[in-house]
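Asker: Sequence and predicted structure below; questions after.
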Amino acid sequence: MGPWARRLRLGVRIILTNPRGFCAGVQMAVDVVDRVLDLYSDRRIYVYHEIVHNRHVVERFRQRGAVFVESLDDVPEGSLVVFSAHGVSPQIRAQARARGLIAIDATCPLVTKVHSEAIRYARAGYQILLVGHEDHQEVVGTRGEAPGAIQVVESPEDIANLKISDPSRLVYLTQTTLSTDDAAVIIAALKAAFPLIKEPPSSDICYATTNRQHAVRKLAPECDLVLVVGSQNSSNSVRLTEIARNVGTPAYLIDDAGGLREEWFRKKVAFGIRHSASGEEVAVLLTAGASAPEDLVAEICRRLLEKHGGTIEQREVFEEDIEFALPVTLKRLMREKGIEPDPRGIRVGAPVITRELYGAVPLTVEGGSSRIGQTRRLHSQEPNGGHSEGRGP
Ligand code: SF4
């Protein structure tokens, strides 16, 4: 790098949000495919739809031999098939049975909860307004539980076209990965149009979506730029980017370090990025959608620190401690192979950050939602080969 480029280029202050990345549902689904591939290295394993909406996760499994299909017609009779974390309709389950498939259901339990609510309300004679994205696999699966009773609402404009037979027997449910802000607007419009509409027993927008969004909403205003690691078809990742923009901070969704753009880190040139008061560093909030693997986050940290120099911090907004059990069919298959499944199920903890993986080691002094901002940081290696460690503020 020449002196001119060095003058233009800013250092980075990376703020890692916690929580970020894999939720318990995604971790469970990924573990399921991982274990099935290990258990049956001699058989072809099929996965119905992308197991989770992340390009890297899918590609890694593809390289290990998993075959992703969009129709069960493409799965030979008697084969092993894994249903994705987004869930499937009863029609797909029936089709799998009819074809003699061994189906391992990796549906997230929080999606299953919405299915159960749909079934219960439909049986009780309610019409169900499902707030969500019509084409999303989760919505397709939930709708399949009670096709005659469910209408999808994507925006307040859809309300005028709803066919309601009895406004006193109406309930709304939501997709698990919506923006809480957008959902609130649609729900308010539904309540204004149908004052007697019932709410779900508890929010259908899941803990992982809510927590990641809240962390971005809280921290983005103090940053110059927000980077969300995730794929374009990941609903919750796209929502994180929108939330950052809504609070006025430029935000980009990138699959991996290859998505980083030099112009985001140059003085004056940058696409509307407000640089820090000192003008010497760009404060980058780095988060990841619920389906984005942590090694991609680490790679982005390394790339930024190698190129620009700077610091890395971790802000703990929520501590998550959720455990999901392995699917029953997988446990049975494991036992058939002489492997006793761990009774503890799948649990997701905070990522372990090492200098080797991330390029620097942040020291979080205190975590938890009431302790935001109380962090110390260590400096990375400077790009010009300067000093290595030194405590930040
Ligand atoms: S984002 Fe929420 S609903 Fe989706 S897999 Fe994760 S925990 Fe389950």
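Answerer: Okay, I see it.
Asker: From here on, just use CA atoms for contacts and neighbour counts.
Answerer: OK.
Asker: List the contacts of the residue nearest the centre of the chain.
Answerer: Compute the mean C-alpha point of the chain, and by Cα atoms, centre = their mean the closest residue is residue 290, 2.1 Å away. Going by Cα atoms under 8 Å, 6 or more residues apart in numbering, residue 290 touches 20-23, 26, 208-209, 236-237.
Asker: filter those residues down to the ones close to the ligand.
Answerer: Residues of the contacts of residue 290 in contact with the ligand (Cα under 6 Å from any ligand atom): 23, 26, 208-209.
Asker: Show me which of the residues you listed are buried.
Answerer: 23, 26, 208-209 (16 or more other Cα atoms under 10 Å).
Asker: Now go through those residues and say which are in helices.
Answerer: In helices, judged by DSSP state H, the following of these are found: 26, 208-209.
Asker: what separates the helix or strand hosting residue 192 from the chain centre, distance-wise?
Answerer: Assigning secondary structure by DSSP states H and E places residue 192 in helix 180-193. Remark: helix 180-193 is offset 23 Å from the chain centroid, using Cα atoms, centre = their mean, to the nearest Å.
Asker: picking that back up, could the buried ones among the ones next to the ligand among the contacts of residue 290 go into CSV alongside pLDDT and distance to residue 156?
Answerer: What follows is these, written out as CSV (pLDDT from 0 to 100; distance: Cα to Cα, whole Å):
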residue, pLDDT, distance to residue 156
23, 95, 29
26, 96, 30
208, 94, 25
209, 94, 22
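Asker: Residue numbers of the stretch 101-250 of the chain in contact with the ligand?
Answerer: So the stretch 101-250 of the chain meets the ligand at 108, 110-111, 176-177, 206, 208-209 (Cα under 6 Å from any ligand atom).
Asker: Could you provide the residues you listed in TSV, with additional columns for secondary structure?
Answerer: Shown next, in TSV, are those (DSSP: H, G, I helix; E, B strand; the rest coil):
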residue	secondary structure
108	coil
110	helix
111	helix
176	coil
177	coil
206	coil
208	helix
209	helix
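Asker: Quick one: those residues as JSON lines, columns for distance to residue 215 too.
Answerer: Below are these laid out as JSON lines (distance: Cα to Cα, whole Å):
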{"residue": "108", "distance to residue 215": "22"}
{"residue": "110", "distance to residue 215": "21"}
{"residue": "111", "distance to residue 215": "22"}
{"residue": "176", "distance to residue 215": "17"}
{"residue": "177", "distance to residue 215": "15"}
{"residue": "206", "distance to residue 215": "14"}
{"residue": "208", "distance to residue 215": "11"}
{"residue": "209", "distance to residue 215": "10"}
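Asker: In ChimeraX, how would I select just the buried ones from those?
Answerer: Those of those that count as buried under 16+ other Cα under 10 Å are selected in ChimeraX with:
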select :108,110,111,176,177,206,208,209
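Asker: re the thing from before, is it possible to get CSV of the ones next to the ligand among the contacts of residue 290 that adds distance to residue 62?
Answerer: Below are these laid out as CSV (distance: Cα to Cα, whole Å):
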residue, distance to residue 62
23, 22
26, 17
208, 26
209, 27
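Asker: Need phi/psi at residue 260.
Answerer: Dihedral angles of residue 260 (phi, psi; degrees, to the nearest 10) stand at phi -70, psi 140.
Asker: Run a quick neighbour tally on it.
Answerer: 17 (other Cα atoms under 10 Å).
Asker: Give me the pLDDT value at the closest residue in space to it that isn't next to it in sequence.
Answerer: Once flanking residues are discounted, residue 260 sits nearest to residue 254: 7.3 Å by Cα to Cα, 6 or more residues apart in numbering. We note a pLDDT of 98 for residue 254 in this prediction.
Asker: cool, and residue 202?
Answerer: pLDDT, residue 202: 89.
Asker: just for the stretch 151-300 of the chain, where's the confidence low?
Answerer: Residues of the stretch 151-300 of the chain meeting the criterion pLDDT under 70: 267-279.
Asker: residue boundaries of the strands in it?
Answerer: For the stretch 151-300 of the chain, the strands defined by DSSP state E, counting those that start in this stretch cover 170-174, 225-229, 251-254, 281-288.
Asker: Quick one: residues in contact with the last one.
Answerer: Right, the one you point to is strand 281-288. If you take Cα under 8 Å, 6+ apart as the criterion, strand 281-288 is touched by 10-18, 20-21, 216, 219-220, 222-230, 237, 265, 275-276, 294, 297, 310.
Asker: for stretch 109-122, which positions count as buried?
Answerer: In stretch 109-122, counting by 16+ other Cα under 10 Å, buried: 109-112, 114-115, 117-119, 121-122.
Asker: Kindly report the same for stretch 210-223.
Answerer: Residues of stretch 210-223 classed as buried by neighbour count (16+ other Cα under 10 Å): 210-217, 219-221, 223.
Asker: Over to stretch 66-76?
Answerer: Across stretch 66-76, burial judged by 16+ other Cα under 10 Å covers 66-68, 72, 75.
Asker: Just the residues you listed: which are in strands?
Answerer: 67-68 (DSSP state E).
Asker: Determine which two of the buried residues of stretch 66-76 are furthest apart.
Answerer: 66 and 72 (14.5 Å; Cα to Cα).
Asker: Spatially nearest residue to the residue in the chain that the ligand sits nearest to, not counting backbone neighbours?
Answerer: Nearest residue of the chain to the ligand (Cα to the nearest ligand atom) works out as residue 25 at 3.8 Å. Ranked by Cα to Cα, 6+ apart and with sequence neighbours excluded, the top spatial neighbour of residue 25 is residue 108, at 4.8 Å.
Asker: Was I right to think that neighbour contacts residue 85?
Answerer: Yes - contact criterion Cα atoms under 8 Å: residue 108 and residue 85 qualify, at 5.0 Å.
Asker: Which residues are in contact with each of these two?
Answerer: 25-26, 29.
Asker: possible to save those as a markdown table with distance to residue 316?
Answerer: What follows is these, written out as a markdown table (distance: Cα to Cα, whole Å):
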| residue | distance to residue 316 |
| --- | --- |
| 25 | 21 |
| 26 | 21 |
| 29 | 25 |
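Asker: Same question for stretch 160-172: list its buried residues.
Answerer: Neighbour-count burial for stretch 160-172 [16+ other Cα under 10 Å]: 169-172.
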